[in-house]
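J.: Sequence and predicted model, in that order:
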Amino acid sequence: MRINRKLNKPKEVIEINDEIDLSLINPLINIYKTKKGNLIPLLQGVQSIYGYIPEEAFYKLNKDVGLELAAMYGVATFYSQFRLNPVGKHIIKVCHGTACHVQNASKITDAIMDSLKINDGETTEDNMFTLESVACLGCCSLAPVMMIGDETYGKLTGKSSVKVIKNIKIQESKANN
Amino acid sequence: MKKQIIVGLGSCGIAAGASKVYDKIKDIISAENLDVELKQTSCIGMCYKEPLVEIIDDNGHFLYGDITEDKVMDLMESHVENDEPIKDLVVDSDMFDGSEKKYFDGQVKIALRNCGYMDPESIEEAEAHKAYDALRMIAGNPVSRDAVIQSVLDSGIRGRGGGGFSTGMKWRFAKNNENEMKYIICNADEGDPGAFMDRSLLEGDPHAIIEGMIIGAYAIGASGGVIYCRAEYPLAIKRLNIALAQAREKGYLGKNIMGIDDFNLDIYVKEGAGAFVCGEETALIASVEGERGMPRKRPPFPAESGLWKKPTNINNVETFANIPYILLNGPESYNKYGTEKSKGTKVFALTGKIAHGGLVEVPMGISIREVIFDLGGGIQDGKKFKAVQLGGPSGGCIPEHLLDIPIDYDSVNSTGAIMGSGGMVVMDETTCMVDMARFFLAFTQDESCGKCTFCRIGTKRMLEILTRITEGKGREGDIEQLEELSEQIKDGSLCGLGQTAPNPVLTTLKYFRHEYEAHIYDHKCPAKNCKALLTYEIIPDMCTGCTVCAIKCPTDTITGTKKEIHFIEQDGCIQCGECFSRCNFDAIKIY
């Protein structure tokens, strides 16, 4: 369930990604700059803006707030919430808590992996879906469950979980046309 | 009176489709121009009957279960328009016995007193349900700080997060450490997989928790408050923030609260970032300070030096929810329930292979059997009970012959499990206990913060052994090595996570050793769960020769021609189970 380590490149070779608008972080910095214990809220804020924590954001926080790079990286890799890589538009969180495990949650993950042709933790090529295993979503009595966005789906089977994803795909293609 | 329709919109209700039911009722009301009031409430605990809709009219209240979208129309027509309740769908009512009378009668609701009975986003409704009355009583009387602590001590309440330490004693320690700044923290980092008591409380009655914290802050003299809540509970965080804003507006938080001189307090919500170890109080404090959530050595205890090195008191959500009730009704109203050393009630989350999964609050001292079989309705699909897991990854599995022990801290500890925060995961004959132990070890191994060597590496080694056993590669001596490592990890870890991580292995070894032995020596999984240890065979009498299995077999190990009996070559079988799930004639057996 932990994120993969990344970011070992020396600073010089980092390609500045034009797509990332770092000024979006400024309001966040204004709020938290002088507050005690601001490291985690800042990283959470950055992640809610970009969906992950871009490498450039670490350097900006280092420069503007004075947080140490090592401290930020240490925290970002410690907590399972933080991601260092971009994710798909929809994050599929399949619950693997005790109750879901007993009700065969691995079958749900297997079925989705099969249907989307990705492994656990990976993102589809079209950047539409990311598949994740999470510890417990707290809907144990509806096990097995998964969460996509803010929506929770309960009492799943392999088939019904794939169907949920197919419905999202259909909606997406409708929205694009 | 105007009819009221109340829809349960807790996380689990929403997952079962309650929002759609709510919208549909709303549409019908506006389309038909009905004179009824539509309201929302939170989880009443009866998750197995979600979505739940309650109708209150002149005749009384009627709680309906399993109201999916397609039943809404009938319900509205029959009960709302024509005053004819649909008796078959009523789970509880004061007019007649609903189908779930037993479920309600066995419970004593103190912490959950308001959950499912009011709109959690309305402070007026909460006040009508006695929210902040205890605080008002303390300020008006006035009750001294020592008297508040004495009441909590007299009630006998012990920490409901799992530690089981006396709450009153904890408060007294924090009070006695003089400092101009003290903190009170609510631990809402409910990380145990299989437990959702705190989520339901936070979503269903946030004001009870806030009031409990205010009373605690008054008693110990704290002026800073933090609720450390899991980010995985977005609805709980939203409702807490709404409740906190309302409490500030009404003057329950702020300066000179309720006219008590120099009693200032504000509370804010801190979102956790996903680390199980942060349930440990020193790790939680490190996380609030913005660091990696790693525990540190105690003493000094947080009561002396906690958040920002100031005296800090940390209690669990359920503990705080009980406090206003105890203060308002007196300690006797609480300690009349329970056993000599474990007073009051405890909330449990019933999950797993149980017929009626959900949330129950029962008096301490009743037996586990009563909770599972009377309130929980026994095992799903008529299968046989095997074990119940108490206390999450820190707890253990309790077998059937111990089901009659009373639920109290000491009796549960004597089995090798722990009371924990209240997760009760029920397992039936199809659950493999070795796989269960492996599951918990995989969890603790992943969540170990890495500070203590035994916890970091020891759990990894144990997980390797357990994985090996479930894959059919178990070796002689594995069981003994598991036992040895367990003892070392218990002794060599700083915090509760490491000290209790081996518990699931130790209890399954104690009560289900034969399953481990069957895996290692006989290469069999008695629960028919571990894939690598299964043998698939075609039952000749049942096979019709339809060829589906042979076509689907990924390794082409099934031979046979059309309309002839097929055969599985065991050498090539990879136990994928494809033939079993594809066969339309139940012609494949597993042993």
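T.: Okay, I see it.

J.: residues contacting B:Arg113?
T.: Shown in contact with B:Arg113 (C-beta atoms under 8 Å, 6 or more residues apart in numbering or on different chains): B:His129, B:Asp205, B:Ala208, B:Tyr325. Quick note: C-beta positions are derived from backbone N, CA and C, even for glycine.

J.: The host helix or strand of the last one: what's the following helix or strand?
T.: This points to B:Tyr325. Per DSSP states H and E, B:Tyr325 falls inside helix B:317-329. Remark: after helix B:317-329, the chain's next helix or strand is helix B:332-335, criterion DSSP H and E.

J.: what are the C-alpha coordinates of that next one, in CSV please?
T.: Provided in CSV are the C-alpha atoms of helix B:332-335 (Å, rounded to 0.1, in the frame of the first residue of the first chain):
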residue,chain,number,x,y,z
GLU,B,332,-24.4,5.9,38.9
SER,B,333,-26.4,6.1,35.6
TYR,B,334,-23.3,4.8,33.9
ASN,B,335,-21.6,2.4,36.4
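
J.: ok, and what's touching that helix?
T.: B:Ile110, B:Asp154, B:Ser155, B:Gly156, B:Ile157, B:Asn322, B:Tyr325, B:Ile326, B:Lys343, B:Gly344.

J.: Measure how far it is from the centre of its chain, please.
T.: Computed by C-alpha atoms, centre = their mean, to the nearest Å, the separation of helix B:332-335 from the middle of its chain amounts to 24 Å.

J.: Quick check: buried residues in it?
T.: Buried residues in helix B:332-335, defined by neighbour count with 16 or more other C-beta atoms under 10 Å in any protein chain shown: B:Tyr334.

J.: Parallel or antiparallel, which strands does the helix or strand following it pair with?
T.: With elements assigned by DSSP H and E, the helix or strand that comes after helix B:332-335 is strand B:345-352. Here strand B:345-352 is paired, per DSSP bridges, with strand B:358-363 (antiparallel), strand B:423-428 (parallel).

J.: and B:Ala442, how many neighbours?
T.: Residues lying near B:Ala442 (other C-beta atoms under 10 Å in any protein chain shown) number 18.

J.: next one: B:Thr453
T.: 13.

J.: and the gap between it and B:Phe276?
T.: As defined by C-beta to C-beta, to the nearest Å, B:Thr453 lies at a distance of 19 Å from B:Phe276.

J.: So is the helix holding B:Tyr325 next to chain A?
T.: No - on the criterion C-beta under 8 Å from any C-beta of the partner chain, helix B:317-329 is out of touch with chain A, staying 12.4 Å away.

J.: which helices and strands does that helix pack with?
T.: Applying 3 or more C-beta pairs under 8 Å, 6 or more residues apart in numbering or on different chains; DSSP states H and E, we find helix B:317-329 packed against helix B:133-140, helix B:145-155, strand B:183-188, helix B:197-204, helix B:206-220, helix B:332-335.

J.: Dump those to a markdown table, plus mean pLDDT.
T.: Shown next, in a markdown table, are the helices and strands packed on helix B:317-329 (pLDDT from 0 to 100):
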| stretch | mean pLDDT |
| --- | --- |
| helix B:133-140 | 95 |
| helix B:145-155 | 97 |
| strand B:183-188 | 96 |
| helix B:197-204 | 92 |
| helix B:206-220 | 97 |
| helix B:332-335 | 96 |
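
J.: wait, what's in contact with residue 149?
T.: Just so you know, I chose chain A. A:His90, A:Ile91.

J.: let's do chain B instead
T.: B:Gly168, B:Trp171, B:Arg172, B:Lys175, B:Ala219.

J.: Contact partners for the closest residue to the fourth one other than its chain neighbours?
T.: So that's B:Lys175. Excluding the flanking residues, the one nearest B:Lys175 by C-beta to C-beta, 6 or more residues apart in numbering or on different chains is B:Ile220, at 4.6 Å. B:Ile220 is in contact with B:Arg145, B:Trp171, B:Ala174, B:Lys175, B:Lys182, B:Ile184, B:Pro311, B:Asn313, counting by C-beta under 8 Å, 6+ apart.

J.: ok, so of the residues you listed, who is nearest B:Asn33?
T.: B:Ile184 (49.8 Å; C-beta to C-beta).

J.: so which of the contacts of B:Ile220 is the most crowded?
T.: Going by other C-beta under 10 Å, B:Ile184 tops the contacts of B:Ile220 with 32 neighbours.

J.: Let me know whether that residue touches B:Asn313 as I believe.
T.: Yes - at 5.2 Å, B:Ile184 counts as touching B:Asn313 under the criterion of C-beta atoms under 8 Å.

J.: the longest helix in the chain is where?
T.: Assuming you mean chain A. Criterion DSSP state H: the longest helix present in chain A is helix A:158-176.

J.: nope, chain B please
T.: Across chain B, the longest stretch assigned as helix under DSSP H is helix B:503-521.

J.: Give me the buried stretch members for it, please.
T.: Neighbour-count burial for helix B:503-521 [16+ other C-beta under 10 Å]: B:503-509, B:511-512, B:515-516, B:518-520.

J.: Kindly report the same for stretch B:286-293.
T.: B:Ala286, B:Ser287, B:Val288, B:Gly290, B:Glu291, B:Arg292, B:Gly293.

J.: Where do the strands of chain A begin and end?
T.: Under the criterion DSSP state E, chain A contains strands at A:90-95, A:129-134, A:146-148, A:151-153.

J.: Excluding covalently adjacent residues, which one is nearest to the residue most central in space within chain B?
T.: What sits nearest the mean C-alpha location of chain B, by C-alpha atoms, centre = their mean, is B:Ala195, with 1.9 Å. Nearest residue to B:Ala195, sequence neighbours excluded (C-beta to C-beta, 6+ apart): B:Gly423, at 3.4 Å.

J.: Now do the same contact list for the residue nearest to A:Met147 when sequence neighbours are not counted.
T.: Nearest non-adjacent residue to A:Met147, counting by C-beta to C-beta, 6+ apart: A:Lys93, 4.4 Å away. Counting by C-beta under 8 Å, 6+ apart, A:Lys93 makes contact with A:Glu132, A:Ser133, A:Val134, A:Leu137, A:Met146, A:Met147, A:Ile148.

J.: Look up how far B:Gly212 lies from the residue nearest to B:Glu211 when sequence neighbours are not counted.
T.: The shortest distance from B:Glu211 to any non-neighbouring residue, by C-beta to C-beta, 6+ apart, is to B:Pro324 (4.6 Å). From B:Pro324 over to B:Gly212 the distance is 6 Å, taken as C-beta to C-beta.

J.: same question, B:Ala195
T.: Taking C-beta to C-beta, one finds B:Ala195 at 19 Å from B:Gly212.

J.: just so I have it, where are all the helices in chain A?
T.: With DSSP H as the criterion, chain A has helices at A:26-32, A:39-50, A:55-64, A:69-78, A:98-102, A:105-116, A:158-176.

J.: Now do the first one: which elements does it pack against?
T.: In this case it means helix A:26-32. By 3+ C-beta pairs under 8 Å, 6+ apart, helix A:26-32 packs against helix A:39-50.

J.: Tell me the buried residues in stretch A:79-92?
T.: Buried, per 16+ other C-beta under 10 Å, within stretch A:79-92: A:Tyr79, A:Ser80, A:Gln81, A:Phe82, A:Arg83, A:Leu84, A:Val87, A:Gly88, A:His90, A:Ile91, A:Ile92.

J.: what do you get for stretch B:333-349?
T.: Buried-residue list, stretch B:333-349, by 16+ other C-beta under 10 Å: B:Tyr334, B:Tyr337, B:Gly338, B:Thr339, B:Ser342, B:Lys343, B:Gly344, B:Thr345, B:Lys346, B:Val347, B:Phe348, B:Ala349.

J.: ok, now stretch B:119-129?
T.: Buried, per 16+ other C-beta under 10 Å, within stretch B:119-129: B:Pro120, B:Glu121, B:Ser122, B:Ile123, B:Glu125, B:Ala126, B:Glu127.

J.: Put together a markdown table for the buried residues of stretch B:286-293, with pLDDT and distance to chain A on each row.
T.: A markdown table is the format used below for those (pLDDT from 0 to 100; distance: C-beta to the nearest C-beta, whole Å):
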| residue | pLDDT | distance to chain A |
| --- | --- | --- |
| B:Ala286 | 95 | 10 |
| B:Ser287 | 94 | 7 |
| B:Val288 | 94 | 6 |
| B:Gly290 | 91 | 4 |
| B:Glu291 | 92 | 7 |
| B:Arg292 | 93 | 4 |
| B:Gly293 | 93 | 7 |
